[in-house]
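> Could you look at this predicted model? Sequence included:
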Amino acid sequence: MVHKPYLNRTLCDVLDEMRKCDKTSNYSYLSGLIEEAQSMGNRMEASFEALDELNYYEKRKKELYKELKDLQKQVDKETK
């Protein structure tokens, strides 16, 4: 197994270490790995929610620009 720098550590890396704990029956650091996996999972879920919000606001922005354009046309029509 090639060890990666911790800066690029992935959830799969943590799970591999958990498997190693089980294979060697050395569970002394398993609770730390579980916490690390939980933290990574929480960050992943938060990024999914943020992406959903971003997509919602992008869609809403387009709707508002269209509404603004329609209102501007109405104002132009009424002032003529």
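Happy to help now that I have it.
> Does the spatially most central residue of the chain lie in a helix or a strand, and which?
Against the mean C-alpha coordinate of the chain, by CA atoms, centre = their mean, the closest residue is Ser47 at 1.8 Å. Element membership of Ser47, judged by DSSP states H and E, is helix 30-79.
> Quick one: neighbours of Gln74, just the number.
Residue crowding around Gln74 was assessed by other CB atoms under 10 Å; the count is 10. No exception for glycine: its C-beta is placed from N, CA and C like everyone else's.
> show me the contacts for it.
The contact partners of Gln74, by CB atoms under 8 Å, 6 or more residues apart in numbering, come to none.
> Can you check the pLDDT for it?
Note on Gln74: pLDDT of 93.
> Next: Ser39.
For Ser39, pLDDT reads 94.
> again with Tyr65
97.
> Which residues are in contact with it?
Applying CB under 8 Å, 6+ apart, no residues contact Tyr65.
> how near is the residue nearest to Met40 when sequence neighbours are not counted to Tyr56?
Closest residue to Met40 apart from its sequence neighbours, by CB to CB, 6 or more residues apart in numbering: Leu11 at 4.7 Å. Using CB to CB, to the nearest Å, Leu11 is found at 26 Å from Tyr56.
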